[in-house]
Every structure is written in C-alpha cells, then in structure tokens.
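**Q** need coordinates for the following:
(chains A and B)
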Amino acid sequence: MKTFEGYRRANGSIGVRNHVIVINTVGELAGLTKKMAQLVPGVIPVAHQAGKAQYPEDLEQTIRTLRGTAGHPNVSAALFLGMGEGDPAEEIVSALKKDGHHVHAITFQKGQSISVVLNEGKLWLEKAMERSRNEQKETADITELTIGLECGGSDAWSGITANPAIGVCSDAVVRDGGTSILAETTEAIGAEHILANRAVNPGVGEKFLKIVKDYEMRIRDTGEDIRSANPTPGNMAGGLTTLEEKSLGCIKKGGNSPLMEVVAYAQKPAEKGFIFMDTPGYDVESVAGLAAGGAQIVLFSTGKGSPTGSPIVPVIKIGTNPKLYEIMSEHIDVNAGKIIDGLNTIEEIGEEIYRKVIEAANGVPTAAEKHNNQEFAIWRLAETI
Amino acid sequence: MMSQKYNAIKLDRKDNVAVALRSIKPGEFLAVQGENEAIEIKENIPYGHKIATIFIPKDSKIIKYGECMGISTEEISPGYYVHVSNVRGLKEEERLSALMEVQQR
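**A** Down below sits the predicted model:
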C-alpha cells in the first residue's frame, strides 16, 4: 500500500503542503494582496483580476474557484481581502469556517486607511504562520490523493513520450484507489467519442459530450472552427495526420481507466478514480481550476519548457524530449525524452512519474516550487462587462 | 551520441502503426521494443512520423494508442509511410456511429 505524510485538516482532507495565503475577491485589490503577503515572510499571495464586472455565470465560477483555493487541503490558513458593500469575502469566509478552515476576511470600507488594514492583516498572518509551523504531519493513504493532468507548450513528442507516460501514472494512481483529473476540454475535441466510450455509464458519457459541444459552440461564436483548423500545418509537419490523432495524444494523459465523473471548472469530484474537468486549454487557468477542485498535485507535460506553476499545489513538469532537458533541466522534474533515446520505456517513465508524485506529496519541492513559479488566473466564459 | 537500440515505438500493442524515434531510411529495419518481427523500411520516415507495421487494406482503421485515429484511403504495406497522403480523419457520420455504439452499450 502506498502512503505519504501530509497535513490532516479539520474537514478530514489531507494536504501535501502547509501554505498560508492572502487572496483577493476583486481585481482592484491584486496589488494590495501582494503587498500584504510581503509583510510576513513565507506568506503566499494569490492575486488575480477576476471578481468584478462579470456575468452571473462567471461570478459564480470565480467564487467557486476562490472557495476551492482558500479551502484547499494544501492551505493551512487564508486571509481574504474584499472591498465595499456586497463583497463576497465575508460570505466565503463564513462558509469555509463552517467546514473547519482557518480563514479570515478583511473588507475595505470607503475612507479607511490602508496602513490600518495592512496592520490588521499582518497581525493575523503572523499568528497563522506560527500556527502552521506547529501543525504535525500524519501518514495518509494514496486513496486520499488527487492528481490533476495538464499540458502546456506541447511539441511533436508530447503525444509520444510525456503524455502516454503520464497516462501510465494516472492508471496506476487510479488502480491504487486514488483520483486523477484530466482537464482541457479544447484538447478533447475530435476524440470526444473515444473518451465518452470509456464513461462508466451513459449519463457520464453524455455529460462529457455536452461540455465538449458547448465549448465548441462558444469558440464557433467567435468565428473560429477548431475541427477544420486542426491538425495545423505545423502539426502535420511534426507527423500528426488527423484531428483524432492530435486529440488522442492529449487525452492519453488520462491513460485507459474508465471515466467515473465529469465536473465543472473548479468543482470537487464526488467520485474517486478517473475524472474529467471542464477547463480551457490555457494552462494557468486550467491548473488553477484543477487545484480549486481539490487536486493536491498537478502533472504537467511540456515540450517547450513552460514554467507555469501554482501558488498552492506542487506542479511536476514532465519534459517531452532530450534537448529540452539538456537546455532547461532546471524547469523539468522528469525527463520523458529518455524514451526517444531508447533508454526507458513509456511504462518505466510512468513509474518514475509516480515516484515523483509520492516524493512531492512527502514535501520535496518540485522545479516550479524551487523557482517560486506561482501563476494564478480564473477562467472566464463571457465578456467583461 | 548514445547508442539507440530502437528506432521506433508502438504506443499500444493493438496498433498497426509505429512512430519513428529518429529519421529512418529505406533499407533499414524497424526496431520496436518488445517486437521481433523484421520489417524493412520502404520509404524515408521523418522522426515523429508513422510507419505501417502490418498490411492495412483500403478503408480500414489506422490504430494508434489502441484507438482509431483515421481511415486508410489506399492499401498500405508494412514498412511504408503512413500520413495525410494515405489516411483521412473520420467523417461526421462515422463519428456519430462511434457514439451510437456508446449509447447502445
């Protein structure tokens, strides 16, 4: 049985990190969020531009993401910064408190001095840091682990080396009773019937087909047609013949396990096993959604060395080719390029990725963490008003 | 330069194509891990591109990752190049029938 050492939260979840964060509810406070975090060493700012001038569906998605981020098992304590009447900070905090999370909200009012607010936040954060330092780790089973699957800066090797190796790891995590969430709805277009085929029941299959169709319609409304534009001339030069082949190269990150559930962006799955989350292809927003949905670790394949990290979850980078590893080894955790050199099989790299997952779960920092790469953005469906 | 035992890879045992790990020239033999059959390469295969590993009749499925990634538009013999000149993507009705299979299960 595979285990790791993590932090048990009041709601029963288990974290692989013990972060203290500051997070804003509206974009106007992004700068102040960073300033606040700088006042106390070790505190991580989770700053973003969302929360204002949004359609109801986007506001709901933003709040779900903020709640999922602050209430994440990797987060020991979270300070919310809000502004003015009707700000959701207090409401989010009171809901998170009911669930046992250590959170606090400061809502700016007109005419209030910034230095007073900064001081109030600093005092709370200092105590939160001290509290987090005293939290002890305990042994947890792999069945309590959720990994997210992502790719960014793909190349012609992504679908041949890193993504299938991630698939091997995903299947192994699922086999051991854990959870693995595949993301990026855009990447599934053209192979959606194949993933739907793996659904545990027709309802799950139909839900998956619907999110793909809805996404495609939104893109079509902007005048783009993914189906006829892919594979691109560049893809074809790299060896990709059909859209099905291109999409298969992406969705094989999810291995061959049955699809148990389809969840909305930043939504926590109710099932264990292999899950699909509706997210955009943009890696920063997609990783933020996976994290807010409860993934404690994200696996990320890259052919071009995308540095994308997360403020709250370790992101494990899997490089697709030997050259990338040679040039950018500081950004890469696992070199799947060894498959091209004939040094390792896809299965062996899959096992190496799994070992990295356990290592990261036990607290060993990933390349993105060593570089403090802490990107965060929330997916928007509609226009800014 | 490290020695390479294999010049191609199969992504699933069910596949009827292999992917070149380096550019392969006519006259060379295909070396795929876990497979012993000697297949002579008949055309230039750029790295990352596909080679047929068995005889593929016209209008049949091209299998990669153990899944159907397209349909052959002519017959393809082992050792020959597999790309846009002899493979097409699925048509809408073919995709729909693949979905019907799902719903009928």
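**Q** how many neighbours does residue 6 have?
**A** Unless you meant another one, I'm taking chain A. Each residue near A:Gly6 was counted by other Cβ atoms under 10 Å in any protein chain shown, and the total is 24. In short, each C-beta sits where N, CA and C put it, glycine included.
**Q** that's the wrong chain, I meant chain B
**A** Using other Cβ under 10 Å: B:Tyr6 sits among 20 other residues.
**Q** for it, which three-state class applies?
**A** coil (DSSP: H, G, I helix; E, B strand; the rest coil).
**Q** surely it meets B:Gln33?
**A** Yes - contact criterion Cβ atoms under 8 Å: B:Tyr6 and B:Gln33 qualify, at 5.1 Å.
**Q** mutual contacts of those two, please.
**A** Taking Cβ atoms under 8 Å, 6 or more residues apart in numbering or on different chains as the criterion, B:Tyr6 and B:Gln33 both touch A:Gly342.
**Q** looks to me like B:Cys68 is in a strand.
**A** Yes - membership of B:Cys68 in a strand is supported by three-state DSSP.
**Q** and the pLDDT at the closest residue to chain B within the stretch 251-385 of chain A?
**A** With Cβ to the nearest Cβ, the shortest gap between the stretch 251-385 of chain A and chain B falls at A:Gly342, namely 4.3 Å. For A:Gly342, the pLDDT comes out at 87.
**Q** give me the most central residue, the chain.
**A** No chain was given, so I picked chain A. A:Val287 (2.7 Å; Cα atoms, centre = their mean).
**Q** think we crossed wires, I meant chain B
**A** Chain B, centroid-nearest residue using Cα atoms, centre = their mean: B:Val17 at 1.9 Å.
**Q** follow-up on the earlier one: tell me the contacts of the residue nearest to the centre of chain A?
**A** For A:Val287, counting by Cβ under 8 Å, 6+ apart, the contacting residues are A:Gly148, A:Glu150, A:Val298, A:Phe300, A:Thr308, A:Ser310, A:Val313, A:Val315, A:Glu375.
**Q** which SS class is the fourth one?
**A** Per three-state DSSP, the secondary structure class of A:Phe300 is strand.
**Q** how near is the nearest residue to it once chain neighbours are set aside to chain B?
**A** Closest residue to A:Phe300 apart from its sequence neighbours, by Cβ to Cβ, 6 or more residues apart in numbering or on different chains: A:Glu150 at 4.7 Å. Computed as Cβ to the nearest Cβ, to the nearest Å, the A:Glu150 to chain B distance reads 19 Å.
**Q** got the residues of the stretch 51-200 of chain A near chain B?
**A** A:Ala156, A:Trp157, A:Ile160, A:Pro164, A:Gly190, A:Ala191, A:His193, A:Ile194, A:Ala196, A:Asn197, A:Ala199 (Cβ under 8 Å from any Cβ of the partner chain).
**Q** the last one touches A:Leu209, doesn't it?
**A** Translated: A:Ala199. No - using Cβ under 8 Å, A:Ala199 makes no contact with A:Leu209, being 9.1 Å away.
**Q** pLDDT score assigned to the residue nearest to the centre of chain B?
**A** The model's pLDDT for B:Val17 equals 98.
**Q** identify the residues contacting it.
**A** Contacts of B:Val17 by Cβ under 8 Å, 6+ apart are B:Lys10, B:Lys50, B:Ile51, B:Ala52, B:Thr53, B:Ile62, B:Ile63, B:Lys64, B:Val82.
**Q** and the gap between it and B:Asn86?
**A** B:Val17 sits 11 Å away from B:Asn86, taking Cβ to Cβ, to the nearest Å as the criterion.
**Q** also A:Gly121?
**A** Separation of A:Gly121 from B:Asn86 (Cβ to Cβ): 65 Å.
**Q** re the thing from before, highest neighbour count among the contacts of B:Val17?
**A** Comparing the contacts of B:Val17 on neighbour count, B:Lys64 comes out first with 29 neighbours (neighbours: other Cβ under 10 Å).
**Q** hey, what's that one bridged with?
**A** Counting by DSSP bridges, B:Lys64 is bridged to B:Glu67.
**Q** now A:Leu29: closest residue in space that isn't a chain neighbour?
**A** Nearest to A:Leu29 is A:Leu81, by Cβ to Cβ, 6+ apart, at 4.8 Å.
**Q** that's a strand at the one you found, yeah?
**A** Yes - the assignment for A:Leu81 (three-state DSSP) places it in a strand.
**Q** check the gap between A:Gly51 and B:Arg95 for me.
**A** In terms of Cβ to Cβ, A:Gly51 sits 39 Å off from B:Arg95.
**Q** the two - which one has more neighbours?
**A** Under the criterion of other Cβ under 10 Å, the comparison of A:Gly51 against B:Arg95 puts A:Gly51 first, with 25 against 17.
**Q** element containing the closest residue to A:Ser13 other than its chain neighbours?
**A** Nearest in space to A:Ser13, with sequence neighbours left out and distances taken as Cβ to Cβ, 6+ apart, is A:Pro73 at 3.9 Å. Assigned by DSSP states H and E, A:Pro73 falls within no helix or strand.
**Q** hey, which helix or strand in the chain has the poorest pLDDT?
**A** As the question left the chain open, I've gone with chain A. Sorting the helices and strands of chain A by mean pLDDT, DSSP states H and E puts helix A:226-229 at the bottom, at a mean of 86.
**Q** give me the contact list for it.
**A** A:Thr186, A:Ile189, A:Gly190, A:Glu216, A:Ile219, A:Leu243.
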